[in-house]
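Chemist: Okay, sequence plus prediction incoming.
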Amino acid sequence: MHPPKDKLERYCDKVLEGLQLTEVERHLAECEFCREYCQQYRHLADEIAKSDDAEIDFYGQKITAGIIAQLENGKIIPLFIISAPGISIPRQMAADGSPEEKDFMHSLITLGSEDPEIILRVMHDPKTNSDFLHLIGENAEQTANVLVQIPEIGREFLTDTNGRAPIDTPLTDIDKLKWQIKLPSAVFELEKIEYDAEKVESSSRTVLTSDRDDKIEIVFERKMSGAQINIRVLEIEGRAAEGTIRAVVAQKDAFDSRLLKPNQAAVFDITDPKEAIKIRLFA
Ligand SMILES: [Zn+2]
């Protein structure tokens, strides 16, 4: 649980004492979300001290107001800019209290949504001269294997189990783009698949239905070369699947993704037969 917003703000204003102070400090050491909030609150406080422009209030007032929302199927979460190049933010301190060195990995832009509480960072790693996305949230379901989209330029990124995704082609004008997160329309979880390793070839077919009437057909195939599952989307919310659907199959830290046309099946390799399989659909 995050500390209440007013407590965090009193911490930022340096008026917390004793046990309350220790509590908040301990939480901040572990919670990137609240660190981000404090950083942004201080920035806001500075800005407000400098001017009485009421518009600046908008984001700071709302960001922690949202209660952690349940995962909503297929929900699109618009992201707002929290800090970007040109907006001066207080320098972040390293763990030992020294200012961060500029050749360290750093954030090019930070975006967020208030409900659910999610932070998206576009990071630059000077060592590899590459950029990547990092989603940070309270709930792994909201950050693992979700789509981060920029519809206006047709780009989308699929995060790994740690909420990260590489940016292969660098983005320009990142602070002018409209970013959003798309949560899966349906999630299926399969226990590890038991099969007879002695038997070289086998195949079994199952139809799975989610509690929302999403229906998929799964064919498990064991071949000489290894095990695979074929996935075909039959229905989304009780209706025949229309348009292209992205199917993501994840096992522990590994995942694979395919775009499926109606009635088309996609084949995914089972990387580890001892691991459960998560199937996520983005309709
Ligand atoms: Zn927190």
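Modeler: All right, it came through fine. A quick note: this is a predicted structure, and the numbers were derived from the prediction, not measured.

Chemist: now the chain, which segments are flagged as low pLDDT?
Modeler: 47-73, 84-104, 192-201 (pLDDT under 70).

Chemist: if you go through it in chain order, where are the helices?
Modeler: Secondary structure of the chain (DSSP state H): helices located at 5-12, 18-30, 32-50, 57-62, 140-143.

Chemist: Spit out the contact partners of the residue of the stretch 51-200 of the chain found nearest the ion.
Modeler: The ion sits closest to Glu138 of the stretch 51-200 of the chain, with a gap of 7.8 Å, by CB to the ion. C-betas here are computed from N, CA, C, even on glycine. Glu138 sits next to 2, 33, 68, 116-117 when contact means CB atoms under 8 Å, 6 or more residues apart in numbering.

Chemist: about what we covered before: pick the most deeply packed of the helices of the chain.
Modeler: For the helices of the chain, the largest average neighbour count (mean count of other CB atoms under 10 Å) is found in helix 140-143, namely a mean of 20.

Chemist: Show me which positions of stretch 107-123 end up buried.
Modeler: For stretch 107-123, burial by neighbour count (16 or more other CB atoms under 10 Å) applies to 107-114, 116-123.

Chemist: Quote the end-to-end distance of it.
Modeler: One end of stretch 107-123 sits 4 Å from the other (CA to CA, to the nearest Å).

Chemist: got it, and stretch 248-256?
Modeler: Counting by CA to CA, the terminal residues of stretch 248-256 are separated by 6 Å.

Chemist: for it, which positions count as buried?
Modeler: By 16+ other CB under 10 Å, the buried positions in stretch 248-256 come out as 248-251, 255.

Chemist: Let's have those in a markdown table, adding distance to Ile277.
Modeler: Shown next, in a markdown table, are the buried residues of stretch 248-256 (distance: CB to CB, whole Å):
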| residue | distance to Ile277 |
| --- | --- |
| Val248 | 11 |
| Val249 | 6 |
| Ala250 | 7 |
| Gln251 | 6 |
| Phe255 | 10 |
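
Chemist: Report the two members of these separated by the largest distance.
Modeler: Maximum pairwise distance among those (CB to CB): 11.0 Å, between Val248 and Gln251.

Chemist: how far away is Phe255 from the ion?
Modeler: 27 Å (CB to the ion, to the nearest Å).

Chemist: what's the residue closest to the geometric middle of the chain?
Modeler: Central residue of the chain (CA atoms, centre = their mean): Thr143, 2.3 Å from the mean position.

Chemist: surely that one meets Leu135?
Modeler: Yes. Thr143 is within contact range of Leu135, at 4.0 Å (criterion: CB atoms under 8 Å).

Chemist: give the contact list for Glu23.
Modeler: Contacts of Glu23 by CB under 8 Å, 6+ apart are Pro3.

Chemist: Against Glu32, how distant is it?
Modeler: According to CB to CB, to the nearest Å, Glu23 and Glu32 sit 17 Å apart.

Chemist: do Gly112 as well
Modeler: In terms of CB to CB, Gly112 sits 11 Å off from Glu32.

Chemist: same deal with Leu111?
Modeler: 14 Å.

Chemist: intersection of neighbour lists for those two?
Modeler: Between them, Leu111 and Glu32 share these contacting residues under CB under 8 Å, 6+ apart: Ile119.

Chemist: wait, what's in contact with the nearest residue to Glu191 once chain neighbours are set aside?
Modeler: Spatially, and ignoring its direct neighbours in sequence, Glu191 is nearest to Ala276 (5.7 Å; CB to CB, 6 or more residues apart in numbering). Shown in contact with Ala276 (CB under 8 Å, 6+ apart): 189-192, 251.
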